[in-house]
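Student: kindly return the folded structure for what I paste below:
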Amino acid sequence: LSERINPFRFFVVAAPESFSLGVAYFHAVAGAESLVLLMQDIVNTFLGRAERGLSRPVELYPRSYGGWLRRHPSVLFRKLASLPTLVRNLRRSCRPCYRDAQDMSNGFDSFSLTCEDLHRLTTAGKSWGVTLNDLFLALLLKALSPLAVDRFRALRRNQLSVGSIVNIRKDLGVDSRRTFGLFLGSFVVTHAVPEGISVKALAADVHRQTLRIKQTSRYMGTPVDLACARVILSFLSIGRKKKFHQKYYPLWGGVTNMNLNTLWPQTGGEKPIDYLRAVSTGPATPL
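Tutor: Residues are numbered from 1 along each chain as shown. Just a heads-up that it's a prediction; the model follows:
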């Protein structure tokens with residue numbers, strides 16, 4: 001495109017004695033970490049305690065990271081070797097049902113956990129030997145299962161699949177504060193979620209899957225998945241493109257996880273920062 005676009009739209013929501021600053025942005029231009037650090041710079045500048053000026057240039061979409069898979073053929077090989085398993089799991093996964101597969105609109109709902117709730121979750125995860133993300137995935141599968149009870153009568157598509165986004169900046173050695181861009185991988189977890197299974201047992205099963213994925217760095221191979229999808233989609237009509245993910249990549253939901261405390265630590269005497277992030281969904285992942 002010859003016309004330049006501005007992928008950001010900042011907005012302010014006023015309150016009696018404060019205001020909320022927000023930004024809506026085109027996700028393809030950056031991951032959440034880049035946006036958090038950008039907002040942190042804006043807030044610190046507004047409060048007069050900026051560590052670096054906003055005018056200081058950052059590295060935008062460095063090409064040196066684009067060929068990471070080519071420079072690490074073992075990871076690429078393991079990703080390609082895992083594709084048959086991924087395809088097999090997706091073929092066993094029931095497909096989410098949409099009221100209208102042609103409807104590309106987004107919805108949003110929000111709720112919060114108390115500090116005590118989060119503490120109980122992390123304590124349970126540690127005692128069960130699973131990560132917090134494993135527990136989130138298990139809870140997501142458990143919550144989605146009642147919406148897909150028809151799968152129990154199916155001969156083949158009787159399992160559920162959900163996805164998870166992974167921040168791969170550490171894998172790539174990216175200096176987050178000096179680099180602006182999108183550095184994300186992903187993986188899929190598949191489980192039958194039988195009736196009556198406990199969250200503890202489900203989380204243990206999920207952990208076994210995610211552990212193998214992490215040990216082989218398969219989440220780094222997301223560009224392979226995207227390349228395959230682009231090739232297939234190029235041969236489809238617009239109507240069939242909208243139904244493609246529902247039919248061939250049947251994820252019922254996903255988890256995108258970020259610990260703001262590690263990116264934006266609070267100093268003494270400072271009011272806690274209230275951070276709310278809304279991630280758009282769509283045909284690839286409905287929830």
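Student: pLDDT below threshold where in this structure?
Tutor: Residues of the chain meeting the criterion pLDDT under 70: 1-3, 50-57, 63-66, 267-272, 282-283.
Student: give me that answer again for 80
Tutor: 1-4, 49-71, 101-105, 265-275, 280-286 (pLDDT under 80).
Student: any idea where the helices of it begin and end?
Tutor: In the chain, the helices defined using DSSP state H lie at 32-46, 68-71, 73-91, 115-128, 132-144, 169-172, 199-215, 222-233, 238-248, 260-263.
Student: so which elements touch the first one?
Tutor: Looking back up the chat, that one is helix 32-46. strand 19-25, strand 179-180, helix 260-263 (3 or more CB pairs under 8 Å, 6 or more residues apart in numbering; DSSP states H and E). The C-beta positions use only the backbone N, C-alpha and C, and glycine is treated the same way.
Student: out of the ones you listed, which gets nearest to residue 190?
Tutor: helix 260-263 (29.7 Å; CB to CB).
Student: just how off-centre is the closest one within its chain?
Tutor: Relative to its parent chain, helix 260-263 has a centroid offset of 17 Å by CA atoms, centre = their mean, to the nearest Å.
Student: contacting residues around that helix?
Tutor: 33, 36, 37, 40, 273, 275 (CB atoms under 8 Å, 6 or more residues apart in numbering).
Student: of those residues, which is the nearest to residue 216?
Tutor: Relative to residue 216, the closest of the contacts of helix 260-263 is residue 33; by CB to CB it sits at 23.8 Å.
Student: right, and the helices of the chain - which one's nearest residue 156?
Tutor: helix 73-91 (7.2 Å).
Student: packing partners of the closest one?
Tutor: Using 3+ CB pairs under 8 Å, 6+ apart: helix 73-91 touches helix 68-71, strand 184-191, helix 222-233.
Student: mind listing what residue 215 touches?
Tutor: By CB under 8 Å, 6+ apart, the contact set of residue 215 is empty.
Student: now do 10 Å
Tutor: residue 78 (CB atoms under 10 Å, 6 or more residues apart in numbering).
Student: now it: how far from residue 222?
Tutor: Note on residue 215: its distance to residue 222, by CB to CB, to the nearest Å, is 17 Å.
Student: same question for residue 116.
Tutor: Taking CB to CB, one finds residue 116 at 36 Å from residue 222.
Student: comparing these two, which residue is more hemmed in?
Tutor: Of the pair residue 116 and residue 222, residue 222 is the one with more neighbours under other CB atoms under 10 Å, namely 18 against 8.
Student: circling back: can you list the helices of the chain in JSON lines and add distance to residue 159?
Tutor: As requested, the helices of the chain are exported to JSON lines (distance: least, CB to CB, whole Å):
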{"stretch": "helix 32-46", "distance to residue 159": "29"}
{"stretch": "helix 68-71", "distance to residue 159": "29"}
{"stretch": "helix 73-91", "distance to residue 159": "7"}
{"stretch": "helix 115-128", "distance to residue 159": "22"}
{"stretch": "helix 132-144", "distance to residue 159": "10"}
{"stretch": "helix 169-172", "distance to residue 159": "29"}
{"stretch": "helix 199-215", "distance to residue 159": "12"}
{"stretch": "helix 222-233", "distance to residue 159": "19"}
{"stretch": "helix 238-248", "distance to residue 159": "15"}
{"stretch": "helix 260-263", "distance to residue 159": "33"}
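Student: out of the ones you listed, flag the one nearest residue 287.
Tutor: helix 132-144 (7.5 Å).
Student: count of neighbours near residue 93?
Tutor: The number of residues near residue 93, taken as other CB under 10 Å, comes to 25.
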